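Peer 1: Could you look at this predicted model? Sequence included:
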Amino acid sequence: MSGAGSDVVHGRRAVFLDRDGVLSVSLIRDGKGYAPRCLADFALYPEAAQAVEALKGAGFVVVVVTNQPDIGNGLTTADEVALMHRQLQDALPVDLVLTCPHKQGEGCACRKPKPGLLAEAVARLGLDPLSSFMVGDRSSDLAAGRAMGCRTIFIDRGYREPLTEVPHYRADSVWEAAQWILAQPADRC
């Protein structure tokens, strides 16, 4: 039960959550979800607080992992995104928010579908990815979770983009995703 290459005997269970389309409302253009670029457009889903509180109450570490390429593309600033994250952290009991600010084509290790943000959280917080979950609204979220060995939950927001990953569960909201996670056995089969 020890993690390969780590001193963690048995890491803590976590739920990794994408931000936009999972906890916060995406702006829809041409059937695709986009991140808000300013604090005035940032809004959490009404069920987000209840979902995160239920996960925390069950002992999960809750980590937000979000691609924010609008920073790298010059469409918003890191300071504006930090204001959104401060509002999120004031409203929700999340343990950590990790952001990839890079452009889509930069080839960084942190942009989902690569698992860099999840790996950073695992290392920093002593998490066990094999008993953890990744919740997202895009194939890239699911791919990052699967690469770390997490069970994946897809929140279907009806975007007009293909789903290329097969999730362990499909949900209509973060609350439904949380309910499914809470119903799973603590030890992974």
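Peer 2: Yep, it's here.
Peer 1: Could I get the full set of helices for this protein?
Peer 2: 48-57, 69-72, 78-91, 116-125, 139-147, 174-183 (DSSP state H).
Peer 1: which outside residues touch the shortest one?
Peer 2: With contacts defined as Cβ atoms under 8 Å, 6 or more residues apart in numbering, helix 69-72 is touched by 35, 37, 76-78, 81, 99-104, 106, 111. Quick note: C-beta positions are derived from backbone N, CA and C, even for glycine.
Peer 1: okay, now Trp99: neighbour count?
Peer 2: Quick fix: residue 99 is Thr, not Trp. Thr99: 19 surrounding residues under other Cβ atoms under 10 Å.
Peer 1: With adjacent residues omitted, what lies nearest to Val122?
Peer 2: By the measure of Cβ to Cβ, 6 or more residues apart in numbering, the closest residue to Val122 outside its immediate chain neighbours is Pro129, 5.5 Å from it.
Peer 1: For the one you found, list the residues it contacts.
Peer 2: Pro129 sits in contact with 11, 14, 118, 122, 148-150, where contact means Cβ under 8 Å, 6+ apart.
Peer 1: Strand partners (parallel or antiparallel) of the longest strand seen in the chain?
Peer 2: Identified as the longest strand of the chain according to DSSP state E is strand 61-67. The strands that strand 61-67 pairs with in its sheet are strand 14-17 (parallel), strand 96-100 (parallel) (by DSSP bridges).
Peer 1: and those, which is most packed in?
Peer 2: Stretch with highest mean neighbour count among these: strand 14-17 (a mean of 29; mean count of other Cβ atoms under 10 Å).
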